[in-house]
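Visitor: prediction below, plus the sequence it came from.
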Amino acid sequence: MHLMGLAGMAGMLPGSLHATAKQPRDIYETPAFGNVCLMHITDCHAQLNPIYFREPNVNLGIGAALGNPPHLVGNALLQQFGIEPGGRAAHAFSYLDFATAANTYGKVGGFAHLASLVKRLRAERGDGNSLLLDGGDTWQGSGTAYWTRGMDMVQACNLLGVDIMTGHWEFTYQDSEVIDNIGAFNGEFVAQNVKVTEEALFDYKFSEFDGFDEDRGLAFKPYTVRSVNGVRVAVIGQAFPYTPIANPQRFIPDWTFGIRDEQMQAVVDRVRGEEKPDLVVVLSHNGMDVDLKMASRVTGIDVIFGGHTHDGMPAPSVVENRSGKTLVTNAGSNGKFLGVLDLDVRNGKLQGYQYRLLPVFSNLLPADAEMQAHIDKVRAPYLEKLQEPLAVAGETLYRRGNFNGTFDQVICDALTTVNDAQISLSPGFRWGTTVIPGQTITMEHVMDQTCITYPETYRREMSGADIKAILEDVCDNLFNPDPYFQQGGDMVRLGGLDYVCDPRQSFGKRISSMSLDDGTPIDAGKQYMVSGWATVGSQSPGRPVWDVVADYLRDQKQVKLKKLNTPKLVGMEGNPGLADYPAS
């Protein structure tokens, strides 16, 4: 019952508009408030079935972000939002006692269970009084999404009733596949910050695409306006701004991305002036720190529904700017949460709000029959491969966190072992489900961790100086004090290599004391055999990483890590974004 005590969370934020709700009878009772309901999912990563997902124990805030959401973990997060430890809510929002709690409370997510919750809320709010927004990273992240090129998720979102979406990993399919998927999507795809290159505009191959704006050079519709219970709601799209840097540009050669504050301000001003909306919403895949900065700089936005960083924040942050206040939310990942923002909009202005981030516990919500039938149908051709048993988990295997997760270490160990390398590198992706102790690791779990459209592995020599340069570059993407220069995921994962990291330092000075597992210092001028995967530039020559990891797991039988290659951290004592960090 403490879960729904979060109803009053908005009241903990200075200057916010909120309503105080009564204590509910069950955790999904969401008393109606106001006249507009906006529901939000993001970063589902193609997880159609219920899964386990462990929240991070490392989400460091540096500089101005220190101690502020989303950079809180464990007990610090629970204390910030008034969540009592030890219960269902604490399990949903933290990593604490994860394996025991997972066995107690069961799996989370699953589109069939999410569909039941969405339908319940739509019915309670009344016909035409709600919108369902999808922040992107929906069409990628599972075996079936990879094999159907995202179409399984397009169809699932149509059944779910997604009204509007934006994207990121959606752009890791071929550009023609992206256009086809958007064409099959019943809702609207919006992205004000994706332009067509000047060269491509002369003979644009998607000139017949309905969202293309030749005059402004935009590849997609920048915004849409919907009437919700008689209230005009404008929704502006903000796709992940660093897509061609974090992912291969070769798949989408004619499109450019960016944060584009000035363009966003111009779009907001144009919408305010021409469309006369009562409410302006940005559906974003910036990442929460970027959204917080954008909210302080761009005026005229009432709400930002954020994604990308997978932060499950129980309450919005309220950001003040020159024209007023903007609510900034982030709704977690993997279908684990549904954000529900009820708004009181009167006289062309937001008067108040009530927000809940509802965990989707699959054992508390019935499976929607129509959605379950779709899931069973799309999985049927691949079921035998997905269910292949590979090994048994001897400990909790997870990914989420700034540094190595235990499943990341499995991938790194597989690369060094199967590809006969001294060191392995694996991207700091945030997506990937969790396996609890005693659970059989299947091929599906491996695909959940590795399933991308550029999965090829490599084995090549790198100098110690080159390895340090890679670590410094990724570390700057993660810990640059200016959120607008944070261009990707979490820190690159490592096998066979230890190092010291001081996130407070400037570029080129964060990484030191690099050594092999046996303690041998890394020599800048010496060559080392390195194996990795997911190269963003040219395609690598090796086998798909999932085949390498599967081979390794078949030989292991039971997975119990001998070592977790996490860096020794400097200067992070007392940081509320760090807890239960393993000793180096």
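Guide: Looks like it came in fine. Numbers count the residues shown, from 1 in each chain.
Visitor: going by C-alpha atoms from here, please, whenever you check contacts or count neighbours.
Guide: OK.
Visitor: looking at the chain, which helix or strand is least sure?
Guide: helix 243-246 (a mean of 94; mean pLDDT, DSSP states H and E).
Visitor: domain boundaries for the chain, per the record?
Guide: In terms of domains, the chain is parsed into 2-21+37-51+107-374, 387-569 (source: automatic domain parsing).
Visitor: any chance of these in CSV, plus mean neighbour count and distance to residue 90?
Guide: Below are the domains of the chain laid out as CSV (neighbours: other C-alpha atoms under 10 Å; distance: least, C-alpha to C-alpha, whole Å):
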stretch, mean neighbour count, distance to residue 90
domain 2-21+37-51+107-374, 21, 8
domain 387-569, 20, 17
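Visitor: okay if I get those domains as JSON lines plus distance to residue 100?
Guide: Shown next, in JSON lines, are these (distance: least, C-alpha to C-alpha, whole Å):
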{"stretch": "domain 2-21+37-51+107-374", "distance to residue 100": "12"}
{"stretch": "domain 387-569", "distance to residue 100": "9"}
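Visitor: by mean pLDDT, show me the worst of those.
Guide: Across the domains of the chain, domain 2-21+37-51+107-374 has the smallest mean pLDDT, namely a mean of 93.
Visitor: partner strands of the helix or strand hosting residue 226 and their direction?
Guide: Using DSSP states H and E, residue 226 sits within strand 223-228. Sheet pairing for strand 223-228, assigned by DSSP bridges, gives strand 231-238 (antiparallel).
Visitor: residues making contact with the partner strand?
Guide: Residues outside strand 231-238 that contact it (C-alpha atoms under 8 Å, 6 or more residues apart in numbering): 36, 165-167, 189-193, 222-227, 259, 271, 276-286, 345.
Visitor: just these: which are in strands?
Guide: Counting by DSSP state E, the contacts of strand 231-238 place 36, 165, 189, 223-227, 279-284, 345 in strands.
Visitor: name the residues that touch stretch 573-584?
Guide: With contact meaning C-alpha under 8 Å, 6+ apart, stretch 573-584 is reached by 57-61, 66-67, 71-74, 76, 498, 565-568, 572.
Visitor: just the buried ones among the residues you listed, please.
Guide: Buried by 16 or more other C-alpha atoms under 10 Å: 57-61, 67, 71-74, 76, 498, 565-568, 572, out of those.
Visitor: so which of those residues belong to helices?
Guide: 74, 76 (DSSP state H).
Visitor: my guess is residue 181 contacts residue 153. True?
Guide: No: the criterion here is C-alpha atoms under 8 Å, and residue 181 misses it with residue 153 at 9.4 Å.
Visitor: show me what the strand or helix carrying residue 103 is packed up against.
Guide: Secondary structure assignment for residue 103, by DSSP H and E: helix 98-105. If you count contacts as 3 or more C-alpha pairs under 8 Å, 6 or more residues apart in numbering; DSSP states H and E, helix 98-105 packs onto helix 88-93.
Visitor: state the mean pLDDT of the helix it packs on.
Guide: The average pLDDT for helix 88-93 rounds to 97.
Visitor: which residues are contacting that helix?
Guide: Helix 88-93 is contacted by residues 2-3, 55, 77-78, 83-84, 96-98, 101-102, 105, 312-314, 359 when judged by C-alpha under 8 Å, 6+ apart.
Visitor: swap the cut-off to 7 Å and go again
Guide: In this structure, residues lying in contact with helix 88-93 by C-alpha atoms under 7 Å, 6 or more residues apart in numbering are 2, 3, 55, 78, 83, 84, 98, 101, 105, 312, 359.
Visitor: bridging across strands, which residues link to the last one?
Guide: Yep, that's residue 359 we're talking about. When bridges are called by DSSP bridges, residue 359 pairs up with residue 337.
Visitor: I'd guessed it sits against residue 337; true?
Guide: Yes: the pair residue 359 and residue 337 passes the contact test of C-alpha atoms under 7 Å, sitting 4.4 Å apart.
Visitor: rewinding a little: now the helix holding residue 103, how far from the centre of its chain.
Guide: Remark: helix 98-105 is offset 23 Å from the chain centroid, using C-alpha atoms, centre = their mean, to the nearest Å.
Visitor: buried residues, that helix. List them.
Guide: For helix 98-105, using 16+ other C-alpha under 10 Å, the buried residues are 98, 99, 101, 102, 105.
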